[in-house]
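*Asks:* When you get a sec, could you give me coordinates for this:
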Amino acid sequence: MSPDRSWITKRIKPGGYGFTDEYNEGVKYFLAFARSNSSKPNDPNLLINCPCNTCRNALYQLIPDVEFHLFATGFLESYTIWSFHGEASASRNEQMDDREDVFDEYEMFMDAIGGGAFGAENSSHEDPNEQASTFLDNVNKVGEPIYPGNLKYSQLKFVTKLLHWNRNKCSDKAFDELLLLLGDVFPDKHKLPLNYYAVKKMVKRLSLGYEKIHACENDCMLFYGGDKDLRNCKYCKLSRYKATTNAGNNTVPRKVLRHFKITDRLQRLYMSTRTAAHMKYHKNRIVTEGILTHPADGEEWKEFDKNLILSRF
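*Replies:* Residues are numbered from 1 along each chain as shown. Reported below is the predicted structural model:
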């Protein structure tokens with residue numbers, strides 16, 4: 001077969017009825033290629049990475065199941081160099097980066113519910129709990145390409161880039177106008193939020209937002225906990241709010257602390273086997289006595305671990 005793999009994008013016949021002959025032949029060629037390049041080409045229970053638009057090479061499936069998936073949901077269009085199936089390529093890292101950039105949120109969830117176990121013999125699959133189900137629903141909404149055919153930016157990644165750009169602190173109105181302009185330029189069926197409020201709601205649904213806590217302008221204290229209703233700093237007596245000329249609207253804080261909650265972020269890091277491995281590196285690495293290779297080798301860290309263990313008893 002020709003190296004041309006444009007058949008990947010030609011699954012359905014014009015008019016929407018049936019699969020094209022080109023796609024049929026392409027799928028057969030791919031499955032034969034994957035089997036011949038596997039370590040056990042004659043194994044009837046051979047498992048390979050499934051490049052369908054649902055599994056996205058993150059899950060292992062039996063070849064008959066891969067074939068079904070490729071017809072049911074289509075072939076991942078960005079996967080034109082079959083590096084997961086034995087094709088030698090210097091661009092394997094680029095393929096990995098593209099896949100992770102666009103669909104990393106989806107893979108994180110699949111890891112969380114046991115996606116990595118699909119390749120194990122006699123593995124069992126449990127339904128996700130309510131929290132994970134809610135996360136999946138949100139991930140499905142923001143993990144798709146920002147518009148059909150865009151393989152570089154997911155909705156979440158594009159919005160995150162916009163928020164990073166907005167560190168220049170343009171007004172909410174200016175941000176809304178930018179979103180409207182981009183929406184006019186983007187193709188139909190794009191996933192761009194309508195306004196800044198919708199962007200904030202999207203981030204909040206992923207539990208990656210932050211809590212605003214008013215602070216004394218002189219850094220004496222936080223208006224938090226038992227002090228959250230105070231109107232003046234209890235140390236320097238400075239007003240919590242800015243003076244305004246608009247009577248009745250004196251609730252603009254002088255200084256705000258943005259508190260990024262650590263628990264939600266740690267949960268997200270441990271939901272992916274890929275990032276969880278990095279989180280546990282300091283514990284699982286090979287340690288050479290007398291050589292400091294990580295802060296965990298320091299006396300302070302060891303003392304912290306010892307006190308943590310003692311506090312549990």
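
*Asks:* Show me where the stretch 201-313 of the chain has its helices.
*Replies:* Secondary structure of the stretch 201-313 of the chain by DSSP state H, counting those that start in this stretch: the helices cover 262-271, 273-279, 281-284, 299-311.

*Asks:* and the third one, how far out from the chain's middle?
*Replies:* This points to helix 281-284. When distances are taken as C-alpha atoms, centre = their mean, to the nearest Å, helix 281-284 is centred 23 Å away from the chain's centroid.

*Asks:* Show me which residues of it are buried.
*Replies:* Burial within helix 281-284, assessed by neighbour count using 16 or more other C-beta atoms under 10 Å, is assigned to no residue. Just so you know, the C-beta spots here come from the backbone N, C-alpha and C atoms, and that holds for glycine as well.

*Asks:* mind putting the helices of the stretch 201-313 of the chain in JSON lines, mean pLDDT included?
*Replies:* Below are these laid out as JSON lines (pLDDT from 0 to 100):
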{"stretch": "helix 262-271", "mean pLDDT": "78"}
{"stretch": "helix 273-279", "mean pLDDT": "77"}
{"stretch": "helix 281-284", "mean pLDDT": "82"}
{"stretch": "helix 299-311", "mean pLDDT": "83"}
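
*Asks:* and stretch 223-236, average pLDDT?
*Replies:* Mean per-residue pLDDT for stretch 223-236: 95.

*Asks:* Can you measure across it, start residue to end residue?
*Replies:* Separation of the first and last residues of stretch 223-236 by C-alpha to C-alpha, to the nearest Å is 13 Å.

*Asks:* what's the answer for stretch 33-53, then?
*Replies:* Using C-alpha to C-alpha, one end of stretch 33-53 lies 19 Å from the other.

*Asks:* What of stretch 4-24?
*Replies:* One end of stretch 4-24 to the other measures 15 Å (C-alpha to C-alpha).

*Asks:* What residues sit buried inside it?
*Replies:* 5, 7-8, 11, 23.

*Asks:* ok, now stretch 22-36?
*Replies:* Of the residues in stretch 22-36, those with enough neighbours to count as buried (16+ other C-beta under 10 Å) are 23, 26-27, 30-31, 34-35.

*Asks:* Which residues does it contact?
*Replies:* Outside of stretch 22-36, the residues within contact range by C-beta atoms under 8 Å, 6 or more residues apart in numbering are 1, 5, 7-8, 10-11, 41, 46, 48, 51, 63, 66-67, 70-71, 75, 82, 85-87.

*Asks:* Domain ranges for the chain, per the record?
*Replies:* When the chain is parsed with automatic domain parsing, its domains come out as 6-89, 92-109+120-209+269-279, 211-259, 286-313.

*Asks:* Among the ones you listed, which one carries the weakest average confidence?
*Replies:* When the mean pLDDT of each of those is compared, domain 92-109+120-209+269-279 ends up at the bottom with a mean of 72.
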